[in-house]
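S.K.: Pasting the sequence and the predicted coordinates here, then a few questions.
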Amino acid sequence: MSYRKKWLLLSMLAMVVVLTMDLQVLHAQTKLDEMSLERWAKMREVERYQMNIAEKYYKEKKFDVAMSEYEKYLSLYEVSDAASFAQLKWSLCLNQLRKQNTAIKEGFQSVIDYWPESADAAKASYLIGKTYVAIGRVPSGKKAYQQTISDYPKNAVAVYSLAGLAEIAIREKDETSLVKIWKRMAFDIPRTALIQSTCATAANSLAVYYFRNGVFASGLECLETNYKDDRLFHYVYYYSRAPIGDLVAVVETQSVGYKVADQTIGFLRKNIETDLSTEQLTAKALGQWNQMLEVQKYTRRDKEILAAYRTMLGVFGNRDDLLSSIADYHGSQKRFEQSRTIYRQFKDKVAGLSKVAQSFRSELKPDEAVVVYKQLAGIDAENGATWRGAEAATYRQFRKYPQAIQGYQALVKTDVANFQKWIWALATTQHESNQLKEAIGTYRQCENFPENYKQMAACHRALKQHKEALILYGQILNGHEGLAPWAQLQIGYTYEEMTARELAIKAFQSCCKKFPKASYASTAHAHLQNKYKISVTLGGATDE
């Protein structure tokens, strides 16, 4: 698959989500299946009474009953202003009852034929296209959408129909049609509150399309329909980055990616704040420079990235946050020694050394990291326990368990205020190093029930001490409602490890019976079927 086809497919699939979500928002705004309060106010009391009955059944999803009530309304009040709405809702009931063809021909079309000037006629026209597409009659759906756009060009349903056509174009991978639709929604349709979101989404999508094709000016023009001033510069930065990265990642389009990046950076540079007289203005300027820098990073051009950093140092000086960014970048390029040299230039020496230690850990040099943590504990005595904890964590990270355990044992004794933090670290390190008996004893000193009981039970099971594990699971079962289903499932697994087949089956069945709505019950149910060929009724549905 060529790069062009690959990115187009990915972008189209992404747009399915974007447009579908946006369309759902629009449906929520316009309430296609609801009548405006103004129309309700115009109805006579007897009309409202009958309509409310029908609406009640519709909301209860009793669509066959609701249909009868809408029909009753039509027979009683055929000349009322709400008759077209009753016919529309009758049609929607048919849709829900999977009688879509009847809904189209006898329902929605009747709204258009008998009440052509009503607000519901435009809705019905759009719903014809939507229904056709839903039942797989896409060519008819296209035609209906196009008819809606032609008949109701200034109505919100025209935009809904365009969005529907865009979804079809995405599914059919019809780039030409999709771009035409985006252009129309971005540039040709006056924005109103109801359609602003969809038109804006189309403009943003079109901008990304142009950026991906190396046409920066056209992408900018799209974004100018949505944003002004600082927001425009922000969204140029926001929407250009991914296309630049994708273009640069492929040899054939790399030069195009560089070109778009340079154009983006040149545009962003026009908005750079030059007044650094206050902290607020300096922060704004720094943010703008960082946006340009991030765009440059998407190009992966090391020379240009470093040049940008040097320029920023000239503008802002040796700020710790800027030095940190530069050093982090060197670290990302595996230039660890250079990054540590810069970290050591921090005005905040403690923060700088902390970064140095982390750099050694990233470079898989635990001994060097420990040396730095010891240095930190000396110069930052107030937070000595924190640095000794980091030292122990370093040993643990590199599986030097004796040293890690020794460190945590010391902290348990010396940093009483954080006893629970260190006792848990000690217990989990012992567990991780397979010192299971010691871990069990340490877990007993932890106060984070039920997590400590879970880990103790795991240790007992690893030691083949199944009865002890069962006791702990029983305590969780009776003492923690949220984890009770999990504990019941673990009881079943533990009995299996004991080769107690009947007890295991009973435990799994109990999980299904006691906790039918829990996901663990579904797991137990599947396990019973797969391992024991036993079918069990859960006794309830899992909550959505």
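M.R.: Structure's in. What do you need? Numbering: from 1, shown residues only.
S.K.: any low-confidence regions in the stretch 401-544 of the chain?
M.R.: Per-residue confidence of the stretch 401-544 of the chain (counting by pLDDT under 70) places the weak regions at 538-544.
S.K.: could you redo the last one with a cut-off of 80?
M.R.: 536-544 (pLDDT under 80).
S.K.: cool, and the stretch 201-350 of the chain?
M.R.: In the predicted model of the stretch 201-350 of the chain, no residue satisfies pLDDT under 80.
S.K.: in it, which spans are helices?
M.R.: 216-224, 229-248, 254-269, 279-297, 302-316, 320-332, 336-343, 349-362 (DSSP state H, counting those that start in this stretch).
S.K.: what's the offset of the third one from the middle of its chain?
M.R.: In terms of Cα atoms, centre = their mean, to the nearest Å, the gap separating the centre of helix 254-269 from the centre of its chain is 29 Å.
S.K.: And the fifth one, by the same measure?
M.R.: Relative to its parent chain, helix 302-316 has a centroid offset of 33 Å by Cα atoms, centre = their mean.
S.K.: So which elements touch it?
M.R.: The helices and strands touching helix 302-316, judged by 3 or more Cβ pairs under 8 Å, 6 or more residues apart in numbering; DSSP states H and E, are helix 279-297, helix 320-332. Every C-beta, even on glycine, is put in place using the N, C-alpha and C of the backbone.
S.K.: Only alpha carbons, please: show that helix as PDB.
M.R.: Extracted C-alpha coordinates of helix 302-316, given in PDB (Å, rounded to 0.1, in the frame of the first residue of the first chain):
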ATOM      1  CA  ASP A 302      18.500  17.400  15.100                       C
ATOM      2  CA  LYS A 303      20.600  20.300  13.900                       C
ATOM      3  CA  GLU A 304      17.600  22.600  13.500                       C
ATOM      4  CA  ILE A 305      16.200  21.500  16.900                       C
ATOM      5  CA  LEU A 306      19.400  22.400  18.700                       C
ATOM      6  CA  ALA A 307      19.700  25.700  16.900                       C
ATOM      7  CA  ALA A 308      16.200  26.500  18.100                       C
ATOM      8  CA  TYR A 309      17.200  25.800  21.600                       C
ATOM      9  CA  ARG A 310      20.200  28.000  21.300                       C
ATOM     10  CA  THR A 311      18.000  30.800  20.100                       C
ATOM     11  CA  MET A 312      15.700  30.300  23.000                       C
ATOM     12  CA  LEU A 313      18.600  30.500  25.500                       C
ATOM     13  CA  GLY A 314      19.600  33.800  23.900                       C
ATOM     14  CA  VAL A 315      16.100  35.100  24.400                       C
ATOM     15  CA  PHE A 316      15.200  33.700  27.900                       C
END
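S.K.: got the contact list for that helix?
M.R.: Where contact means Cβ atoms under 8 Å, 6 or more residues apart in numbering, the residues beyond helix 302-316 that reach it are 276, 282, 285-286, 289, 292-293, 296-297, 299, 322, 325-326, 329, 333.
S.K.: try it again with 6 Å
M.R.: Surrounding helix 302-316, the residues in contact under the criterion Cβ atoms under 6 Å, 6 or more residues apart in numbering are 289, 293, 296-297, 322, 326.
S.K.: and what of the shortest one?
M.R.: Helix 336-343 is contacted by residues 323, 326-327, 330-331, 352, 355-356, 359, 363 when judged by Cβ under 6 Å, 6+ apart.
S.K.: ok, 7 Å please
M.R.: Contacts of helix 336-343 from elsewhere in the structure, counted by Cβ atoms under 7 Å, 6 or more residues apart in numbering, are 323, 326-327, 330-331, 352, 355-356, 359, 362-363.
S.K.: for that helix, which positions count as buried?
M.R.: Buried residues in helix 336-343, defined by neighbour count with 16 or more other Cβ atoms under 10 Å: 336, 339-340, 342-343.
S.K.: now stretch 137-149
M.R.: Residues of stretch 137-149 classed as buried: 137, 140-142, 144-145, 147-149 (neighbour count, 16+ other Cβ under 10 Å).
S.K.: Could you list which of these belong to helices?
M.R.: Assignment to helices by DSSP state H places the following of the buried residues of stretch 137-149 there: 140-142, 144-145, 147-149.
S.K.: which one of these sits closest to S80?
M.R.: The shortest gap between S80 and any of those belongs to T148, at 25.3 Å (Cβ to Cβ).
S.K.: what residues are up against the closest one?
M.R.: Contacts of T148 (Cβ under 7 Å, 6+ apart): 125-126, 129, 157-158, 161.
S.K.: and the two most separated of these?
M.R.: Every pair in the contacts of T148 was compared (Cβ to Cβ); the two farthest apart turn out to be G129 and A158, at 11.2 Å.
S.K.: So between the two, which is more surrounded?
M.R.: Legend: neighbour count by other Cβ atoms under 10 Å for G129 and A158, higher for G129 (29 against 23).
S.K.: I'd assumed G141 was in contact with that one.
M.R.: Yes. In this structure G129 lies within contact range of G141 using Cβ atoms under 7 Å: 4.9 Å.
S.K.: How about L94, nearest residue that isn't a chain neighbour?
M.R.: Among residues not flanking L94 along the chain, A103 sits closest, at 3.7 Å (Cβ to Cβ, 6 or more residues apart in numbering).
S.K.: The one you found reaches Y132, doesn't it?
M.R.: No. Counting by Cβ under 7 Å, Y132 is not a contact partner of A103; they are 10.5 Å apart.
S.K.: of the contacts of helix 336-343, buried ones?
M.R.: For the contacts of helix 336-343, a neighbour count by 16+ other Cβ under 10 Å gives the buried set as 323, 326-327, 330-331, 352, 355-356, 359, 363.
S.K.: tell me the contacts of R269?
M.R.: M292.
S.K.: Give me the distance between it and M312.
M.R.: For R269, the distance to M312 under the criterion Cβ to Cβ, to the nearest Å works out to 13 Å.
S.K.: Likewise for N155?
M.R.: For N155, the distance to M312 under the criterion Cβ to Cβ works out to 51 Å.
S.K.: same question, Y373
M.R.: For Y373, the distance to M312 - Cβ to Cβ - is 31 Å.
S.K.: what about these two, which has more around it?
M.R.: Legend: neighbour count by other Cβ under 10 Å for Y373 and M312, higher for Y373 (25 against 20).
S.K.: Which residue is the nearest non-sequential neighbour of that one?
M.R.: Counting by Cβ to Cβ, 6+ apart, the nearest residue to Y373 once its immediate chain neighbours are dropped is E391, at 4.1 Å.
S.K.: Quick check, pLDDT for the closest residue to S324 other than its chain neighbours.
M.R.: Once its chain neighbours are removed from consideration, S324 has its nearest residue in K355; the separation is 6.8 Å (Cβ to Cβ, 6+ apart). We note a pLDDT of 98 for K355 in this prediction.
S.K.: and K355, what is it in contact with?
M.R.: The neighbours of K355, taking Cβ under 7 Å, 6+ apart as the test, are 324, 327, 343.
S.K.: ok so, going back, would you turn the helices and strands packed on helix 302-316 into CSV with distance to C222?
M.R.: Converted to CSV, the helices and strands packed on helix 302-316 look like this (distance: least, Cβ to Cβ, whole Å):
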stretch, distance to C222
helix 279-297, 18
helix 320-332, 31
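S.K.: Any buried residues in the host helix or strand of Q529, and which?
M.R.: Using DSSP states H and E, Q529 maps to helix 519-532. By 16+ other Cβ under 10 Å, the buried positions in helix 519-532 come out as 520-525, 527-528.
S.K.: for those, which one is nearest Y70?
M.R.: S522 (40.1 Å).
S.K.: pretty sure G352 is in contact with F346, am I right?
M.R.: Yes. With contacts defined as Cβ under 7 Å, G352 counts as touching F346 at a distance of 3.1 Å.
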